[in-house]
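[1] Attaching a predicted model along with its sequence, questions to come.
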Amino acid sequence: MKAEKVRDLEERELKAQLNEMDEQLFRLRFQMSMGQAAGLKKIRTMRKDRARIHTVLRERELAAAAGEAKQG
């Protein structure tokens, strides 16, 4: 998922995607531990997508805090 696409989503949608990705990562890791080939590439890309979402959420949080600091 591209960062531009992530930035277009609302906070509620981003948090829902994070929860979904957490569940998928758990399942993939469990399959890997059981010896079933889940594909390391898929795990790697999911981790990077999660990081992008966390980054965008943090950017928004900091922007909101900066806006409050200027007003107050």
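    Happy to help now that I have it.
[2] Give the burial count for the residue nearest to Asp49 when sequence neighbours are not counted, as a bare number.
    Residue nearest to Asp49 in three dimensions, not counting chain neighbours: Met1, with 4.8 Å by C-beta to C-beta, 6 or more residues apart in numbering. Bear in mind the C-beta positions are built from the backbone N, C-alpha and C, glycine included. By other C-beta atoms under 10 Å, the residues close to Met1 number 15.
[3] if I look at Met1, how far off is Leu57?
    14 Å (C-beta to C-beta, to the nearest Å).
[4] Nearest residue to the middle of the chain?
    For the chain, Arg50 is the residue whose C-alpha lies nearest the centre (C-alpha atoms, centre = their mean; 2.5 Å).
[5] quick one: contacts for it?
    Residues in contact with Arg50, defined by C-beta atoms under 8 Å, 6 or more residues apart in numbering, are 18, 21-22, 25.
[6] In helices, which of those appear?
    Among the contacts of Arg50, the ones falling in helices (DSSP state H) are 18, 21-22, 25.
[7] Next, give me the two most distant ones among the contacts of Arg50.
    Within the contacts of Arg50, two members stand farthest from each other by C-beta to C-beta: Leu18 and Leu25, at 10.4 Å.
[8] Distance from the chain centre to stretch 1-13, please.
    9 Å (C-alpha atoms, centre = their mean, to the nearest Å).
[9] And that stretch, end to end?
    Stretch 1-13 has its terminal residues 14 Å apart, counting by C-alpha to C-alpha, to the nearest Å.
[10] tell me the mean pLDDT over that stretch?
    In this model, stretch 1-13 carries a mean pLDDT of 90.
[11] What values do phi and psi take at Leu9?
    The phi and psi values for Leu9, taken as degrees, to the nearest 10, are phi -80, psi 160.
[12] what's near enough to touch it?
    Applying C-beta under 8 Å, 6+ apart, the residues near Leu9 are Gln17.
[13] Tell me how far it lies from Arg60.
    Leu9 sits 11 Å away from Arg60, going by C-beta to C-beta.
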